[in-house]
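Visitor: Sequence and computational prediction follow.
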Amino acid sequence: MLTPAELVWLLAAVAKGDEAAFERLYGATRAKLFGVVLRILRRQDLAEEVVQEAYVKIWNGAGQFNPGLASPITWMVSIARNRAIDILRKRSEASIEDEPSAMDVASDTPDPLERREMTEELKRLLGCVGRLEPDRQKLVLLAYYNGWSREQLAQRFDAPVNTVKTWLRRSMLEIRECLGLA
């Protein structure tokens, strides 16, 4: 996996039309994007189609990427995720009677009251993450915000993969307890 700085560089090169940089970017990120989309759509054929569309958008919109607003992987995942949700909504609209759970699909743009509640929830979550030891905070954020694999975390923290899994599990239990979800 490439570092966020390398991904920023690749996106800048893609914005200039560099096909080799795009191939490298695709190779480094396709598994992550496909995994996110597949979890949403639960159909491999649709997921492959959405990922392809996402990379077309990434190619065309690379010049609009702002590293000050988001990490490259977050920006790319949001493009793929939003497209997958659009597909899910379209499928749900066509068969709303057959798929009552379609009404549970979350909106990308919450109304103002929901947005305020979400902000309060986020503050609570960040407060709970802040209670963890600094190394565990980094571990959780790298895993769940940046999408690092257990192997990457093991290498970064110089620990066996099973130890990293245990640290993550314990950290998540502490966060759940702090949020009152335990």
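Guide: Perfect, I can see it now.
Visitor: Just the mean pLDDT for the host helix or strand of residue 121, thanks.
Guide: Under the criterion of DSSP states H and E, residue 121 resides in helix 112-130. For helix 112-130, the mean per-residue pLDDT is 69.
Visitor: thought residue 75 was touching residue 68?
Guide: No - Residue 75 lies out of contact with residue 68 (Cβ atoms under 8 Å); the separation is 11.3 Å. Every C-beta, even on glycine, is put in place using the N, C-alpha and C of the backbone.
Visitor: okay, the two: which has more neighbours?
Guide: residue 75 (20 against 4; other Cβ atoms under 10 Å).
Visitor: Report the contact partners of that one.
Guide: 65, 69 (Cβ atoms under 8 Å, 6 or more residues apart in numbering).
Visitor: switch to 10 Å and redo it
Guide: Residue 75 sits next to 7, 8, 11, 58, 61, 62, 64, 65, 66, 67, 69 when contact means Cβ atoms under 10 Å, 6 or more residues apart in numbering.
Visitor: Is it in a helix, a strand, or coil?
Guide: helix (DSSP: H, G, I helix; E, B strand; the rest coil).
Visitor: cool, and residue 154?
Guide: Per three-state DSSP, residue 154 ends up helix.
Visitor: any idea how far it is from residue 5?
Guide: Separation of residue 154 from residue 5 (Cβ to Cβ, to the nearest Å): 21 Å.
Visitor: what about those two, which has more around it?
Guide: residue 154 (18 against 11).
Visitor: Number of residues surrounding residue 3?
Guide: For residue 3, using other Cβ under 10 Å, the count is 10.
Visitor: That one reaches residue 9, doesn't it?
Guide: Yes - assessed by Cβ atoms under 10 Å, residue 3 is found in contact with residue 9 at 9.4 Å.
Visitor: Overlap in contacts, these two.
Guide: Joint contacts of residue 3 and residue 9 (Cβ under 10 Å, 6+ apart) are residue 72.
Visitor: got any ranges where the chain has weak pLDDT?
Guide: Along the chain, segments meeting pLDDT under 70 span 1, 92-119, 182.
Visitor: now the helices for it?
Guide: 4-15, 19-41, 44-61, 72-94, 112-130, 134-144, 150-156, 161-179 (DSSP state H).
Visitor: Report the buried residues of the shortest one.
Guide: Using 16 or more other Cβ atoms under 10 Å as the test for burial, helix 150-156 gives 152, 153, 154.
Visitor: how many neighbours does the closest residue to residue 167 other than its chain neighbours have?
Guide: In space, and not counting its chain neighbours, residue 167 is closest to residue 139: 5.8 Å by Cβ to Cβ, 6 or more residues apart in numbering. Using other Cβ under 10 Å, residue 139 has 21 other residues around it.
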